[in-house]
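[1] no sequence on this one, just coordinates:
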Ligand SMILES: N[C@@H](CCC(=O)N[C@@H](CS)C(=O)NCC(=O)O)C(=O)O
């Protein structure tokens, strides 16, 4: 049995819930109240080295980090979600965009609006005084501009005619862009790509 350590408002957890729905895999959810810091226990650290969600246990194996979890699930249960060898590098590059550029811009920018500036500072590991909201906004625009340019020429981030786990990785927070105050109408190729993902069989929205 798969167990997902989860929070319903987390975009990183949403990536995993969405992928599990798309591949039709049953799982159970364990709520971890990260906003109340219930993740900061030695017990949870045995599952998730950084005490962060999402984490997944698959039998005796514990996997943490949304991207590692997506790759674990695809390798074990849904290899059709991995790009073929010529496009594997592109798939990993866009997973890296999710883990770096998006995680340091759009993700904390949304936190400033839906939770608090203090929570965004906690996510970035800086003091509240050092939180740079205009910088986050500028970095968010830069990553969305790059995605827009790329998606104007390809339906899926890693190319080809089928989505890969890279699309799910980047979609997690792209789906929540409005909550960060971003109007996706300014990015028509991203808007069309989001719609393609919403049409996939098994799709679930973030608040499902
Ligand atoms: N690299 C991780 C980042 C996970 C992450 O940022 N988790 C947040 C919730 S979305 C968290 O657990 N925050 C609580 C904390 O860090 O104490 C991933 O992609 O899963």
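    Nice, I can see it. Model, not experiment: these values are computed from the prediction. Numbers count the residues shown, from 1 in each chain.
[2] can you list the residues of the chain near the ligand?
    Residues of the chain lying close to the ligand (Cβ under 6 Å from any ligand atom) are 10, 12, 34, 39, 52-54, 65-67, 99, 123. Placement of C-beta: from N, CA and C, glycine included.
[3] Of those residues, select the buried ones using a ChimeraX command.
    Command for ChimeraX, covering only those of the residues of the chain next to the ligand found buried under the criterion 16 or more other Cβ atoms under 10 Å:
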select :10,12,34,39,52,53,54,65,66,67,99,123
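[4] Pull the residues that contact stretch 139-159.
    Stretch 139-159 is contacted by residues 83, 87, 90-91, 94, 97, 101-102, 104-106, 109, 160-164, 166-167, 170, 174, 177, 180, 182, 187-190, 192-193, 196 when judged by Cβ atoms under 8 Å, 6 or more residues apart in numbering.
[5] Tell me which residues touch residue 28, please.
    1-4.
[6] brain fart, residue 201
    residue 22.
[7] State the distance from it to the ligand.
    Residue 201 sits 25 Å away from the ligand, going by Cβ to the nearest ligand atom, to the nearest Å.
[8] Residue ranges of each domain in the chain, please.
    Following the TED database, the chain resolves into domains at 2-80, 83-199.
[9] Of those, which is nearest residue 207?
    With Cβ to Cβ as the criterion, residue 207 lies closest to domain 2-80 of those, at 7.2 Å.
[10] Report the mean confidence score over the closest one.
    Mean pLDDT, computed over domain 2-80, is 98.
[11] Could you work out the end-to-end span of it for me?
    In domain 2-80, first residue to last residue: 20 Å (Cα to Cα, to the nearest Å).
[12] you'd agree residue 35 is in a strand?
    No - counting by DSSP: H, G, I helix; E, B strand; the rest coil, residue 35 falls outside a strand, being helix.
[13] I'd guessed residue 4 sits against residue 26; true?
    No - counting by Cβ atoms under 8 Å, residue 4 stays clear of residue 26, with 10.9 Å between them.
[14] Which of those two has more residues huddled nearby?
    Taking other Cβ atoms under 10 Å, residue 4 and residue 26 do not tie; residue 4 has more neighbours (20 against 7).
[15] What separation do you get for that one and residue 112?
    Here residue 4 is placed at a distance of 26 Å from residue 112 (Cβ to Cβ, to the nearest Å).
[16] Buried subset of the contacts of stretch 139-159 as a PyMOL selection?
    What follows is the PyMOL syntax for the buried subset of the contacts of stretch 139-159, where burial is set by 16+ other Cβ under 10 Å:
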select buried, resi 83+87+90+91+94+97+101+102+104+105+106+109+160+163+164+166+167+170+174+177+180+182+187+189+190+193
